[in-house]
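1. from the sequence below, what's the structure:
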Amino acid sequence: MRVTVASQKSAEELRLWADYYEARTRALEIMRREGTAGTALTEILAQESLAESSLARIKKLLGVPPS
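-> Predicted coordinates:
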């Protein structure tokens, strides 16, 4: 049972890291393509929010206190 829980945590952590990097990449792509003004800024902030949510969950899984 313990191995299953650990592997589930590991799988979740890996998915969250992928989500984190994908959101960061999308934010950078928006900045390169559209700059940082107007509606682009809203899209960038949405991607940054997704990245931050993923990172917060990763920290929780690893037992790192929130900063």
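2. stretch 60-67: end-to-end distance?
-> For stretch 60-67, the first-to-last residue distance is 11 Å (CA to CA, to the nearest Å).
3. quick one: mean pLDDT over that stretch.
-> Confidence for stretch 60-67, expressed as mean pLDDT, is 88.
4. now that stretch: buried residues?
-> By neighbour count with 16 or more other CB atoms under 10 Å, stretch 60-67 contains no buried residues. Any C-beta I mention is one placed from the backbone N, CA and C, and that applies to glycine too.
5. what's near enough to touch Leu61?
-> Lys9, Glu12, Glu13, Leu16 (CB atoms under 8 Å, 6 or more residues apart in numbering).
6. got any ranges where the protein has weak pLDDT?
-> 1-6 (pLDDT under 70).
7. do you have the helices of it handy? List them.
-> 2-34, 39-62 (DSSP state H).
8. and those helices, which is most packed in?
-> Neighbour counts (mean count of other CB atoms under 10 Å) averaged over each of those peak at helix 39-62, with a mean of 15.
9. that helix: how far from the chain's middle?
-> Relative to its chain's centre, helix 39-62 lies at 5 Å (CA atoms, centre = their mean, to the nearest Å).
10. hang on, Leu50 packs against Asp19?
-> Yes. Look at Leu50 against Asp19 with CB atoms under 8 Å: they come within range, at 6.8 Å.
11. could you check the distance from Ala23 over to Gln8?
-> 22 Å (CB to CB, to the nearest Å).
12. for Lys59, same thing?
-> Relative to Gln8, Lys59 is positioned 17 Å away (CB to CB).
13. could you do Glu43 as well?
-> Taking CB to CB, one finds Glu43 at 32 Å from Gln8.
14. now Arg33. Nearest residue, chain neighbours left out?
-> Ala40 (8.0 Å; CB to CB, 6 or more residues apart in numbering).
15. which ones are touching the residue lying closest to Lys60 once chain neighbours are set aside?
-> Using CB to CB, 6+ apart and skipping residues adjacent in sequence, the residue nearest Lys60 is Pro66, 7.9 Å away. Residues near Pro66 by CB under 8 Å, 6+ apart: Ala56, Lys59, Lys60.
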